[in-house]
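Undergrad: okay, here's the prediction I keep looking at, along with the sequence it came from:
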Amino acid sequence: MTSNPSYLNTPNIEKPKGSPSKLLLFTEGARAALDLGAYALTRRMLTKAPKGDGHPILVVPGFMTNDFSTVVLRNFLEKLGYAPKTWDLGFNLGRPEYAFRLMDRLEEIQAAYNCKVSIIGWSLGGVFAREVAREKPELVRQVITLGSPFGGIFEKNNARWLYEFLHGAKAMDVHHELVENILTPPPVPTTAIYSKGDGVVNWQHCLELEESATVQNIEVSGSHIGLGVNPSVLYCLGDRLAQEHDDWQRFQPKGGMKLFYHYY
């Protein structure tokens with residue numbers, strides 16, 4: 001795999017047409033099982049990721065999932081030495097008011113630890129994570145999104161029909177006030193992790209069109225449903241979260257680890 005060391009360049013990304021392929025969607029479950037199996041095989045290796053400094057991490061689950069879906073991810077972070085926190089809002093049904101409730105949750109965690117909080121958002125959870133960080137940047141250390149379609153929240157994807165069925169409204173109507181500025185990265189270090197094998201949302205919508213010294217895209221291989229157990233994702237999280245809060249550096253995998261990533 002290759003990389004572009006000039007982070008000021010913009011990736012040449014073609015705008016997707018329609019939802020991800022049905023083949024990717026229908027194989028999501030099987031491929032997620034492979035991601036989980038890969039995690040089981042690499043658990044000891046993943047312990048070599050940089051150790052944590054104990055700072056709190058708010059983990060926001062994806063659409064139609066709850067805190068149970070992030071158990072493996074949070075256990076991994078805890079073993080590294082961090083203090084992962086659940087979002088405590090039940091199933092993520094994509095309600096705009098979650099943004100305000102997450103701000104309260106963020107303030108609660110920050111006050112308890114008296115330090116900035118990192119936020120990890122999976123899928124739709126990453127859209128909320130970015131919005132919260134935009135509103136409360138003084139409380140946020142960094143934001144990491146996993147397969148989050150912030151670049152095309154109004155576009156077609158393989159979960160949109162379910163959202164509209166549950167809410168009885170068009171997704172773009174419900175989301176407009178929440179995400180009118182979502183294309184702009186929050187004013188904190190931001191990492192967008194995505195997979196071209198994503199069968200739920202278009203991968204082109206899950207990355208920044210322009211990078212900077214504190215904004216980076218990182219590509220991994222795997223499914224959308226398996227992002228929270230994908231060894232490449234977990235190792236990358238360990239590296240990102242270990243960055244000094246006042247000296248954030250871009251992800252640069254070393255040695256054989258370069259084979260697992262494509263980054264711009």
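TA: All right, it came through fine.
Undergrad: make it CA atoms for all contacts and neighbour counts henceforth
TA: OK.
Undergrad: could you pull out the helices in this protein for me?
TA: Ranges of helices in the chain, per DSSP state H, are 22-26, 28-46, 71-80, 98-113, 124-135, 160-167, 171-179, 231-241.
Undergrad: and the longest one, what does it pack onto?
TA: Taking 3 or more Cα pairs under 8 Å, 6 or more residues apart in numbering; DSSP states H and E as the contact definition, the neighbouring helices and strands of helix 28-46 are helix 231-241.
Undergrad: can you spell out which helices and strands pack onto the helix it packs on?
TA: Looks like helix 231-241 contacts helix 28-46, helix 71-80 (3+ Cα pairs under 8 Å, 6+ apart).
Undergrad: any chance of those in TSV, plus mean pLDDT and mean neighbour count?
TA: Shown next, in TSV, are these (pLDDT from 0 to 100; neighbours: other Cα atoms under 10 Å):
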stretch	mean pLDDT	mean neighbour count
helix 28-46	93	16
helix 71-80	97	18
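Undergrad: CSV for those helices, including distance to Asp247?
TA: Shown next, in CSV, are the helices and strands packed on helix 231-241 (distance: least, Cα to Cα, whole Å):
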stretch, distance to Asp247
helix 28-46, 24
helix 71-80, 20
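Undergrad: relative to Leu259, which of the ones you listed is closest?
TA: helix 28-46 (15.4 Å; Cα to Cα).
Undergrad: give me the residues contacting the closest one.
TA: 198-199, 222-227, 229-231, 234-235 (Cα atoms under 8 Å, 6 or more residues apart in numbering).
Undergrad: over to stretch 113-123?
TA: Under Cα under 8 Å, 6+ apart, the answer for stretch 113-123 is 55-63, 106, 109-110, 126-129, 138-149, 227-228, 241.
Undergrad: among the contacts of helix 28-46, which two are most distant?
TA: For the contacts of helix 28-46, and using Cα to Cα, no pair is farther apart than Gly199 and Tyr235, which are 22.2 Å apart.
Undergrad: of these two, which one has the most company?
TA: Gly199 (26 against 19; other Cα atoms under 10 Å).
Undergrad: before we move on, back to that, turn the helices of the chain into JSON lines, including distance to Pro185.
TA: Formatted as JSON lines, the helices of the chain follow (distance: least, Cα to Cα, whole Å):
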{"stretch": "helix 22-26", "distance to Pro185": "28"}
{"stretch": "helix 28-46", "distance to Pro185": "28"}
{"stretch": "helix 71-80", "distance to Pro185": "24"}
{"stretch": "helix 98-113", "distance to Pro185": "16"}
{"stretch": "helix 124-135", "distance to Pro185": "7"}
{"stretch": "helix 160-167", "distance to Pro185": "23"}
{"stretch": "helix 171-179", "distance to Pro185": "11"}
{"stretch": "helix 231-241", "distance to Pro185": "17"}
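Undergrad: rewinding a little: out of the helices and strands packed on helix 231-241, which is closest to Arg95?
TA: Using Cα to Cα, the helices and strands packed on helix 231-241 put helix 71-80 closest to Arg95, at 22.5 Å.
Undergrad: tell me the angle that closest one makes with helix 231-241.
TA: Relative orientation of helix 71-80 versus helix 231-241 (axes from the mean of the first three to the mean of the last three Cα atoms, to 10 degrees): 40 degrees.
Undergrad: by contact count, what packs against helix 71-80?
TA: By 3+ Cα pairs under 8 Å, 6+ apart, helix 71-80 packs against strand 83-85, helix 231-241.
Undergrad: what residues does it touch?
TA: Taking Cα under 8 Å, 6+ apart as the rule, helix 71-80 contacts 47, 49-52, 59, 83-85, 228-229, 234, 238.
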